[in-house]
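Participant: mind looking at a prediction? Sequence and model below.
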Amino acid sequence: MRKMTGRRLGGIVGLALLGLIGVMCVDRAHAIDVKLTMDEAKKALAAGRTPMEKSENPDDVKKIMQQASVAARVGADPEKDPCGASAILRTKRFWLESFGRKEAVESKKQKAEVRMPDDKIQEYLDMPNLEVEVQLCGDDEYFAEGVQVAFQQGTKTIKPVDVSPAEKGRKNEGLEGKAPAYRSRFTARFAYDSFDPNAKTKIVITFPDGKMEEFEADFSKVK
């Protein structure tokens, strides 16, 4: 066997480290951003603001809002499965991009540049909890009353800091006979330091009667 020189060995080790760093960077780039800098926050505001500034009609605005919803959604795709369980993950970046869109709207109204002050941005950077809006369907107006939700990551079960009461179910117009009759939603908040923001997760919904519903949530695809 040919003896490996120090230079060659060093080169291989260096390449391996670069590859590892690259993998780590890719993972981080596609995980929920728990810690954002002020500069990153302002870029998120601009990412929300720019498309809205370019919008010219209500259809453009509707498309922008739909795209924002899709980027933050886990679970069923409403376009393909209108009554499948799903959730919107309102991350720090989600809120900042949302306010970026509001900046654009207000700037157009006031015909002057409107920007969120740094101290307000910092409040969002310091937010301790991820807000999760769960959407699901059932057979009567009050089917979601008393539901609970948790994250399952491997053998670890993560419970929320709090859960808001579910909305009274709304009729599933146009889906009569094809799906459960009512649609509802509720919001839960999970402490960022209680779960792995870069892990495949199951969102588990538990009803008061013991019935359970769950769906996959790949956190690595949501910022």
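Facilitator: All right, it came through fine.
Participant: give me the below-cutoff pLDDT ranges for the protein.
Facilitator: Within the chain, the segments meeting pLDDT under 70 span 1-30, 174-178.
Participant: all helices for it, in order.
Facilitator: 6-29, 38-54, 58-71, 92-110, 118-125 (DSSP state H).
Participant: show me what contacts the residue nearest the centre of the chain?
Facilitator: What sits nearest the mean C-alpha location of the chain, by Cα atoms, centre = their mean, is residue 89, with 2.7 Å. Going by Cβ atoms under 8 Å, 6 or more residues apart in numbering, residue 89 touches 32, 72, 73, 74, 130, 131, 132, 217, 219, 222. Every C-beta, even on glycine, is put in place using the N, C-alpha and C of the backbone.
Participant: just list whatever residues bridge to it.
Facilitator: residue 132 (DSSP bridges).
Participant: and which of the contacts of residue 89 is nearest to residue 202?
Facilitator: Of all these, residue 217 has the smallest distance to residue 202: 6.9 Å, by Cβ to Cβ.
Participant: so the closest one sits against residue 74, correct?
Facilitator: Yes. The criterion here is Cβ atoms under 8 Å, and residue 217 meets it with residue 74 at 3.8 Å.
Participant: more neighbours: which of those two?
Facilitator: residue 217 (23 against 19; other Cβ atoms under 10 Å).
Participant: residues contacting the more buried one?
Facilitator: Applying Cβ under 8 Å, 6+ apart, the residues contacting residue 217 are 74, 75, 87, 89, 151, 200, 201, 202, 203.
Participant: beta partners of it?
Facilitator: Taking DSSP bridges as the rule, residue 217 bridges to residue 201.
Participant: sounds good, over and out.
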